[in-house]
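Asker: what follows is a predicted protein model with its sequence.
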Amino acid sequence: MITYNKSNHTKLFIITVVAALLMSLASCEIETSDNGKLDGFWHLERIDSLDNGNTVDCSNQQIFWGVQLRLIEAKDLGNNAYKRLYLRFEQTPDSLYINKVYENHWHEDNPNDEVGGDVPVEMVNDDTRHCGINNIPEGFLKERLDGKKMILRSKMLRLTFRRF
C-alpha cells in the first residue's frame, strides 16, 4: 500500500521545477555584449562645435544614451519622454560608428497612431542634432571612455557624457 507523504510530494515538486528551469535555460541562447565600458546609461553633458568653438551646456537637460548590445537608445527625458531615437552601431577599440538611425513614432497620448513603431531616419533633423548626431551615418573617435566619462569626437562635434 502506498501512503501519501507530504515531504515526498514537496521534494518531487521542487525537482520538477528545477528540471524545467534547467531545460528552459539549456534551450535558449543568452546574448551577451562585448561592448566593454561603452555599455550603460550615459548623460550628455556638453556639445562642443569643432568648427567655431561654441559650446552647448547640456548638463541641466535630460538627454541620455543607453547602450546595450548593438543598440543605443537616445532620448531627452525632459522635453519629450516618448520621443526616442534608436541608433544601430559598430565599434572598434578607438571608434564608434552609427550606421542606422530609427525614430520611435509611438506616443502614449495616441496609442492608435497608424504610423507607430520604429521608422528609419534618412536625413538628420532637429531630434538627431539634439542628441548629438549630425550625419547619418556618423563616425566618432573615442577620445575618452572609462567607468565615469565618455568623450566622442565626430568631424563636427565633441560630445561629453557622464555615466549615470
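Answerer: That came through, no problem. Numbers count the residues shown, from 1 in each chain.

Asker: Gly132: how many residues sit nearby?
Answerer: A count of nearby residues for Gly132, using other C-beta atoms under 10 Å, gives 25. (C-beta placed from N, C-alpha, C; glycine too.)

Asker: so it touches Ile47, yeah?
Answerer: Yes - between Gly132 and Ile47 a contact is recorded at 5.9 Å, counting by C-beta atoms under 8 Å.

Asker: give me the common contacts of those two.
Answerer: Common neighbours of Gly132 and Ile47, counting by C-beta atoms under 8 Å, 6 or more residues apart in numbering, are Leu157, Leu159.

Asker: show me which positions of stretch 41-55 end up buried.
Answerer: Neighbour-count burial for stretch 41-55, with 16 or more other C-beta atoms under 10 Å as criterion, is recorded at Trp42, His43, Leu44, Glu45, Arg46, Ile47, Asp48.

Asker: ends of that stretch, how far apart?
Answerer: 22 Å (C-alpha to C-alpha, to the nearest Å).

Asker: name the residues that touch it?
Answerer: By C-beta under 8 Å, 6+ apart, stretch 41-55 touches 56-59, 61-67, 131-132, 150, 153, 155-164.

Asker: same thing with stretch 120-137?
Answerer: The contact list for stretch 120-137, computed with C-beta under 8 Å, 6+ apart, reads 44, 47, 63, 65, 74-76, 83, 85, 87, 97-103, 152, 154-157, 159.
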